[in-house]
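Trainee: generate coordinates for the sequence data below:
(chains A and B)
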Amino acid sequence: MLSGWLLNIIPLAIVAALVTAVRRASRKPLWAEAIRRLKGNRVALIALAVIGLYGTVAFCDSIAWRDDRNAPLLSLVDRVFGRPQESTYSAPLAIRTFGEPMPRPLLGKHWLGTDGTGQDVVYMTLKGCRTAMIIGGFTLLIATPLALFFGMLAGYHGKTVDDAIQYTYTVLDSIPNILLLVALLMVLGRGLPQLCVALGITSWVSLCRLARGETLKHRGREYVRAARALGVSHSRIMMRHILPNLLPVVVIATTLSFSGLVLSEAILSYLQLGVAAGTGSWGNMIDASRLELARQPVIWWNLAAASTALFVLVLAFNVFGDALRDAIDPRLRS
Amino acid sequence: MALLKVEDLRTVIRSRAGLVRPVDGVSFSVEPGQTLALVGESGCGKSMTALSLLQLVPEPAGLIESGRVFFEGRDLLELSWEEMRPLRGRDMAMIFQEPMTSLNPVLTVGQQIIEAMEVHGVARGGEARRRAIESLRRVEVRESALRQYPHELSGGMRQRVMIAMALVNRPKLLIADEPTTALDVTVQAQILALIRELQREEGMAVLLITHDLGIVAEVANHVAVMYAGQIVENAPAGELFARPLHPYTQGLFASLPARARRGHDLTTLEGRVPDATAWPVGCRFEQRCRYRWGTCARVAPAFYPADAEHPARCHLYDPETDRPMKGTPRAEQEQAREIIEGGVAS
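Mentor: Down below sits the predicted model:
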């Protein structure tokens, strides 16, 4: 097991990488222009702020340390939002447990009540942020390089290479996604990394298609011919000349598919194929609420919190993705 | 020995309409330090010839069918893509017609010039940077352009950058495909003067592809006139301007706007270039030629006189020509010469 402080480096590195990428991009003409246009779009800025808020929660949940050698590893979120565990359900802002013949007084105050195991719902919802971000981010980290590699190879070389790659992803794409996911998760087992790998394998196809088409378009451009005339090798033309020109569409596509990935986590959890039960995730919360909704009186707060959190994040990503597309390529707006 | 010697080059392009033959048996040679102008109207196969030399015909549709391209004695067409790569950009460089799109929009000018050196291992790091600045200075572009992106430069500046990129490795042959067509007339003259000056300094040979006879008169030592995928006339520049042989060349000269007289219609070449998917059996210019007779439509002309310095692909100059009325072309030629000399004088 990695020691506590080493685990903290990963979220810090991710944030540092993001900041560096944005700062470097802002010096490139195309991105600078896009950023300028985004700044004028209030809805996009709100969406970005919402995404940033989720990101911050996920980040705070990833920074963890022990108070002493034997104490449990607690993240910032655990420390701030951790609440005493109750014995069972309690309604929002209630002072007694819910649904028991003999309601017991609660140990703490719970804004959105507690779930069946007595966990605070606000706390669980916040814990779900990290899971959602990891699923979206790491899946894309797996799927995007895969898609770009094969897409560019197919688009650039054409002929047999193109046929082989196209055939592969068409076959992969013709298997119903959910079926493939179930099969993969059966093989890989249940867990966050496994889920990312499985989603990565099933979600690279559309991006690969996009990358192939864009590469095909750029391959015929004058600047590629000029690079060839200078004696630049195929691999270098792909990496250095075509790839940076693909990045705008790739960024748009990944932003828009992020929300889809977060949603599929919820769906998979509902099918008992999501992350392990112990990991806080919105999917698991929604899954648990299946039984809660059948109870009388209904326990709604668990479902409401998780689905609102999910809905707001997905909405923010979709809005921001669309705004990003408009900002990067205003011609698409029509 | 010629630096570049092209023999019977044939390039085909597969298209929906059938097999197009834009380059159909082209031969010419370029001497070291000299400028050969390849002249012809758009669509005659000039650019495709240039791309064939570097084996850059658009794939997968294009294909070099046959021919030989000797560069310093080596047949380039026998080299693979990877074997060809060290030559491109180092021994033979090319500049394109469109300076607006021939530079990568997402890389700075400096990155692109330095890359031209790095891929050939000529220089890297600070040395590459120093040489990039030096080459920019030679084309009279300020040093700060190094950090700029192509879209921040004007068309003339971009073409200068293209030239700087092409020349940074001091190639032996520069292939310039319509280098000034997309530019303003004032910038055109500057760019041409620049190419000529650099050529003198470096002793580099230039293959200049153009449709503009004004440019040819200014810079070329030797001219090859191209029509419908073939070279139809080949001559030293002075000789060609003084005595254009092929009826097509004569027509080109006659239709120069500079030769027109006020109040008269501009002279034009009637008709159109034949379809490249099915070249005529006989002379390709036959449909538009004012001297044509029966033989022209039936027999493809060879170069006459075959061994001379100034041959033309036309039955008129066949020593055994069966032309019904002899003598006329000479008179036409005299007339053309008068027009040209009048034009040059003005």
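
Trainee: for residue A:5, which non-adjacent residue is spatially closest?
Mentor: Nearest residue to residue A:5 in three dimensions, chain neighbours excluded: residue A:65, at 7.0 Å (Cβ to Cβ, 6 or more residues apart in numbering or on different chains). No exception for glycine: its C-beta is placed from N, CA and C like everyone else's.

Trainee: contact partners for that neighbour?
Mentor: Neighbouring residues of residue A:65 by Cβ atoms under 8 Å, 6 or more residues apart in numbering or on different chains: A:4, A:5, A:8, A:73, A:74.

Trainee: may I have the helix or strand the third one falls within as CSV, with CA atoms only?
Mentor: Read it as residue A:8. Secondary structure assignment for residue A:8, by DSSP states H and E: helix A:4-25. This file holds the C-alpha atoms of helix A:4-25, laid out as CSV (Å, rounded to 0.1, in the frame of the first residue of the first chain):
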residue,chain,number,x,y,z
GLY,A,4,-0.3,8.5,2.8
TRP,A,5,1.8,11.4,1.6
LEU,A,6,2.7,9.7,-1.6
LEU,A,7,-1.0,9.3,-2.5
ASN,A,8,-1.4,13.0,-1.9
ILE,A,9,1.1,13.7,-4.7
ILE,A,10,-1.2,12.3,-7.4
PRO,A,11,-4.1,14.8,-7.0
LEU,A,12,-1.5,17.6,-6.7
ALA,A,13,0.2,16.4,-9.9
ILE,A,14,-3.1,16.3,-11.7
VAL,A,15,-4.0,19.8,-10.7
ALA,A,16,-0.5,21.0,-11.6
ALA,A,17,-0.8,19.3,-15.0
LEU,A,18,-4.2,20.9,-15.6
VAL,A,19,-3.0,24.4,-14.7
THR,A,20,0.1,24.0,-16.8
ALA,A,21,-1.9,22.8,-19.8
VAL,A,22,-4.3,25.7,-19.6
ARG,A,23,-1.5,28.2,-19.2
ARG,A,24,0.5,26.8,-22.1
ALA,A,25,-2.6,26.7,-24.3
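
Trainee: after that helix comes which helix or strand?
Mentor: helix A:29-39.

Trainee: give the contact list for residue 29.
Mentor: Using chain A here. Counting by Cβ under 8 Å, 6+ apart, residue A:29 has contacts B:105, B:106, B:149, B:151, B:152.

Trainee: let me rephrase: I mean chain B.
Mentor: Taking Cβ under 8 Å, 6+ apart, we find residue B:29 in contact with B:2, B:3, B:4, B:5, B:6, B:36.

Trainee: now the residue nearest to residue A:5: how far from residue A:14?
Mentor: Note on residue A:65: its distance to residue A:14, by Cβ to Cβ, to the nearest Å, is 18 Å.

Trainee: next one: residue B:299
Mentor: 76 Å.

Trainee: low-confidence regions, the chain specifically.
Mentor: Just going to use chain A. Filtered on pLDDT under 70, chain A yields the residue ranges A:1-4, A:330-334.

Trainee: I was after chain B.
Mentor: The model of chain B has pLDDT under 70 over residues B:259-261, B:324-346.

Trainee: residues from it in reach of chain A?
Mentor: Applying Cβ under 8 Å from any Cβ of the partner chain, we find that chain B lies next to chain A at B:51, B:54, B:56, B:58-60, B:82, B:85-90, B:93-94, B:96, B:98, B:101-107, B:115-116, B:119-120, B:149, B:151-152, B:162, B:165-166.

Trainee: so among the residues you listed, which ones count as buried?
Mentor: If you count burial by 16 or more other Cβ atoms under 10 Å in any protein chain shown, the buried members of those come out as B:51, B:54, B:56, B:85, B:87-90, B:93-94, B:96, B:98, B:101-107, B:115-116, B:119-120, B:149, B:162, B:165-166.
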